[in-house]
Structures are given as structure tokens and as C-alpha cells.
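[1] structure of the sequence below:
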Amino acid sequence: MEAHQQGAMALARMLDGHPNVEKTYFPGLESHPHHELAKRQQDGFGGMVSFDIKGGRPAAERLFAKVKLFQLAESLGGIESLIEYPETMSHASMTKEARRDAGISESTIRISVGIEHPDDLIADMKQALEG
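    Here you go, the predicted model:
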């Protein structure tokens, strides 16, 4: 869990400052609306990171084609880093309105961070975002 959480924090920090990312969702970031609550209630912030990519679905599809370490899959909780597109994968059964009410748009990408070295995950995500 420690490696999972450390990687998620490092990746979230990089995403939060990236020019091709609209918004990053991770309770470990001080900018998250529930950061203080998570800090009080949890022993760490977990390994799930979501973000909204600038450019919507076309940008998301380009990102999925370029990542090398992240596997495109809906499964959660493994030791490998997974990336998914909630709009057509994990939340596809919800109506479009329900997804919007939940904050999920065509720009939203969800990551389950594994135990790979954070530097490797960051380098892979950067090259995919900038390519």
C-alpha cells in the first residue's frame, strides 16, 4: 500500500501542474475539496487518481495509445498501474446525465496506480500527454 500511495501522490502532483490537464482529483492534494477530511480519517490517501484532460475524448484516445506502463483496463486493486476511460468503460451503464452529475465527462481519465517506480510512471505519463 505504501508504494501504491507514494506513486499516486507523485503522479497526482505532476498531473496537477501539467498544462494539458484541466483538473486533477486526488484527496492527497491540498486543492482537493475533501483533503482535510481525508487527512483526519485516513492513514494515507490511496492509489486512485482521476483527471480531466484538455481536448476531451480525442485527447484521451491519443493518451491511451501512447502510454506504455499503464494498461487500459477497468479492474482495480492490482499491483500494476491501470488506466481507464469512465465514459465508455466503468461508468458506461450510467446515463449521460448521471455521469455529468457525478463529475464524469468525456475528458475524465481514471488511474489505479500500481507499485511501479513513481519516476517511471511520471515519465510515461508526461511523454503521453506531451506527444
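[2] hmm, who's touching the lengthiest helix in the chain?
    Longest helix in the chain, counting residues (DSSP state H): helix 2-16. With contact meaning Cβ atoms under 8 Å, 6 or more residues apart in numbering, helix 2-16 is reached by 21, 24, 26, 28-29, 31, 44-49, 51, 79, 81, 111, 113-119, 121-122, 125-126. (C-beta placed from N, C-alpha, C; glycine too.)
[3] got the angle between the helix or strand following it and helix 2-16?
    Downstream of helix 2-16, the first helix or strand assigned by DSSP states H and E is strand 21-25. Per axes from the mean of the first three to the mean of the last three Cα atoms, to 10 degrees, the angle that strand 21-25 makes with helix 2-16 is 150 degrees.
[4] returning to what we had before: model confidence over the longest helix of the chain, on average?
    Average pLDDT, helix 2-16: 94.
[5] picking that back up, mark which of the contacts of helix 2-16 are buried, thanks.
    Among the contacts of helix 2-16, those that count as buried by neighbour count (16 or more other Cβ atoms under 10 Å) are 21, 24, 26, 28-29, 44-49, 51, 81, 111, 113-116, 118, 121-122, 125.
[6] quick one, phi psi at Phe26?
    Note on Phe26: backbone dihedrals following degrees, to the nearest 10 are phi -160, psi 120.
[7] for the residue nearest to it when sequence neighbours are not counted, grab the count of nearby residues.
    Of all residues not flanking Phe26 in the chain, Ala12 sits nearest, at 3.7 Å (Cβ to Cβ, 6 or more residues apart in numbering). For Ala12, the neighbour count with other Cβ atoms under 10 Å is 26.
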